[in-house]
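# A structural model of the following input is requested.
(one chain, ligands or ions: 1)
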Amino acid sequence: MRLPRQDCYDRIEPLLARVEKPSRYLDHEWGAVERQDGPFHVCMMYPDVYEVGQPNMGIAILYNNLNAAEGISCERGFLPWVDMAALMREEGVPLLSLETSSPVASFDVVGFTLAHEMACTNIVEALDLAGIAIRAEDRDEDDPIVIVGGPSVWNCEPVSPMFDAVLLGDGEEAVVEMCECVRAGRAAGESRRQILLDLSRVQGVYVPSLYEVVVDETSTRWGYARPIEGTGVPDVVLKRSLQDFAGTDPLPQKIVPYVGIVQDRLAIEVLRGCARGCRFCQAGMTYRPVRERPAEAVVEAKRGLVATGHDEVSLTSLSTTDHSECARILHQLNADVRGTGVRVSIPSQRLDSFGVEMAAEVGGAKKGGLTFAPEAGSQRLRDVINKNVTDENIDLAARNAFENGWRRMKLYFMMGLPTETDDDIVAINEVADRVLEIGRDVVGKGPKSGVSVSISVAVFVPKAHTPFQWSGQLGLEEVRRRQQLLLHTCPDHAIKISYHDAEVSLIEAVLSKMGRAGFDLILEAWRRGCKFDAWTDQFSFERWCEAARALGLDLEEIASAPIPLDVRLPWDHTSPGVSKGFLQREWRRAAEGVTTPDCTMESCTGCGVCPTLGVENRIAGDRHVGHE
Ligand code: SF4
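From the prediction side, this is the model:
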């Protein structure tokens, strides 16, 4: 039932003294949009606590764009931490928005960002706390329209029963259009079903209730989705792609939080999309084409430092050092902030594009740790995954970094990649050892040199819409054996090895592979207490296993099952524009160890996104771009 819109701050205030970090629940931060008079009200929810959700760039962009639209007001919502959620249930306080402390269930539209699979139980928790029916099919006519978007909607079937509509791709323009569509439908007195039909005509929008799941001999055991007869919806919903990325606001984050947040820095998105073509990488396939922000716009955006008081500028993207004007941007930004104590950072560095200038320019005077992601130890396996990084690239990047003052090097790898053997595991240690030796050669030996190398190893998760989507995940027992192999063959105690939790990766793989039936598992896991699954201290593998057992599912069997190349997949009805034929070709090339070049450096490799969506790579400076 739709709750009335009213300020309920007086109901949450008495609880603040009884919870950890009460500032998570305070509104009126500097830069927040105070005027919230609608008449159409949207709540953008990030399904985690404030300090994790507030830095999210997507939420900031949509918040600004919706508040700029005539007649639309947009507030933010976050999930209360477990202490506050328990008190709210005890006191009968529903989930509230931040700006006006209004019940989330009183909004016209409630939008969620799905940043990763492990947030799925938090969405159930948020809907339950809000008093909104968890399944879209159980909602009343005037209940909020609940929508979702974000990087992890590319196999949205397991979460789709919770949503009235799913946005695929860039949200800047599409979310405003979706809200306008709902607003017009409400104003015209349309039924909920008619509004959903209207939404399905907005490009990039998938309405799950208008598709039925079919399981037959052409599909996996999870079936595929097809349009329900008479709905007129497309067989395949194509994503939305924003061509004029360069024209967007480079500084969407205008709010200064009261509480320390996870990425407490001025973030500037310098480019969107990546055409490197790593075969495991979902973002690399789903965010194409590549669109760069010109250097002038990035450098000019540093004015945000004055507005927010941050002491760090972070140049964010999937692969920042690939920006055709990256060295120029770094040089200019550093010149502008010299002497102010502000540092310029990049989240992680491509090994083949991290040159001498960048090694000198990143991090300011005080160099901390530097992160590189070779992903695989051997050249053979790097060719299989299309990493297009050589041993020489790694050695040169490490030497550049050490010579320019860096001392701590973190290297990211994956375990369980298709075709991986024990030799590839041992090769991870060989890379780390070489980097360590380069550091000692440049800086000198001994504990005072400060040189350290750490390697972090995650378990490969096969993701939808990637060339590796047909692969199975490595079983837990084999993961543990390979982890031991890595430990025992580590040549030097100065190399520190850490692992990403393999059990979390297993749940990620299960949710990445299942179809709509996966929602039963999510719901059962939540009923057994699963939430905040991305938090190490909250994740309970045992509860997920119990939920699976109750439903007669074997999690390991689901995650490790390879998929035949020619069957229909649970996500085939949604498309980022990259064709299935291209992914199949890339899967075969992977098996042969043949690499595919980056289309922004050489010519078009035929992924299909440009002709399908009528878009193109937009490079600010000098890369060699070609098209079909
Ligand atoms: S269609 Fe060609 S140019 Fe466009 S992103 Fe794909 S490979 Fe690159």
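# tell me the domain boundaries of this protein?
As assigned by automatic domain parsing, the chain contains the domains 9-238, 265-347+597-628, 362-500.
# By mean pLDDT, show me the worst of those domains.
Least confident of the domains of the chain, judged by mean pLDDT, is domain 265-347+597-628 with a mean of 88.
# And the ligand, is that one touching that?
Yes - residues of domain 265-347+597-628 contacting the ligand under C-beta under 6 Å from any ligand atom: 275, 288-289, 599, 604-610, 617, 627-628. The C-beta positions use only the backbone N, C-alpha and C, and glycine is treated the same way.
# of the residues you listed, buried ones?
Taking 16 or more other C-beta atoms under 10 Å as the criterion, what is buried in those is 275, 288-289, 599, 604-610, 617.
# Now intersect those with the helices, please.
609-610 (DSSP state H).
# what's near enough to touch the residue nearest to Ser560 when sequence neighbours are not counted?
Computed as C-beta to C-beta, 6 or more residues apart in numbering, the closest residue to Ser560 that is not its neighbour in sequence is Gly472, at 4.3 Å. Contacts for Gly472 (C-beta atoms under 8 Å, 6 or more residues apart in numbering) come out as 462, 559-563.
# Provide a list of residues in contact with the residue in the stretch 351-500 of the chain positioned nearest to the ligand.
Scanning the stretch 351-500 of the chain for the residue nearest the ligand gives Asn386, at 12.7 Å (criterion: C-beta to the nearest ligand atom). Taking C-beta under 8 Å, 6+ apart, we find Asn386 in contact with 276-279, 467, 586, 589-590, 595-596.
# Enumerate the positions of whichever strand or helix holds Ile329 that are buried.
Applying DSSP states H and E as the criterion places Ile329 in helix 326-337. If you call a residue buried by 16+ other C-beta under 10 Å, then helix 326-337 has these buried ones: 326-334, 336-337.
# Name the residues that touch that helix?
Helix 326-337 has contacts (C-beta under 8 Å, 6+ apart) with 270, 295, 298-299, 302, 305, 313, 315, 320, 323, 343-344, 353, 355, 357-358, 361-362, 364, 621.
# Would you mind listing which of the residues you listed are buried?
Listed as buried from the contacts of helix 326-337 are 270, 295, 298-299, 302, 305, 313, 315, 320, 323, 343-344, 353, 358, 361-362, 364; burial here means 16+ other C-beta under 10 Å.
# can I get the contacts of Gly472 in CSV with secondary structure, neighbour count and distance to the ligand?
Output for the contacts of Gly472, formatted as CSV (DSSP: H, G, I helix; E, B strand; the rest coil; neighbours: other C-beta atoms under 10 Å; distance: C-beta to the nearest ligand atom, whole Å):
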residue, secondary structure, neighbour count, distance to the ligand
Pro462, coil, 26, 22
Ala559, helix, 25, 30
Ser560, helix, 21, 31
Ala561, coil, 16, 30
Pro562, coil, 11, 26
Ile563, coil, 18, 24
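# Count residues in the vicinity of the closest residue to Pro22 other than its chain neighbours, would you?
Closest residue in space to Pro22, ignoring its immediate chain neighbours: Leu16 at 3.9 Å, by C-beta to C-beta, 6+ apart. Neighbour count of Leu16, defined by other C-beta atoms under 10 Å: 15.
# out of the residues of domain 265-347+597-628 next to the ligand, who's nearest Glu437?
Ala275 (33.5 Å; C-beta to C-beta).
# Isn't the closest one up against Thr600?
Yes - if you go by C-beta atoms under 8 Å, Ala275 and Thr600 touch, sitting 5.0 Å apart.
# Which residues are in contact with each of these two?
Contacts common to Ala275 and Thr600, judged by C-beta under 8 Å, 6+ apart, are 290, 617.
# just so I have it, where are all the helices in the stretch 251-400 of the chain?
Secondary structure of the stretch 251-400 of the chain by DSSP state H, counting those that start in this stretch: the helices cover 282-286, 295-300, 304-308, 326-337, 356-361, 379-384, 391-403.
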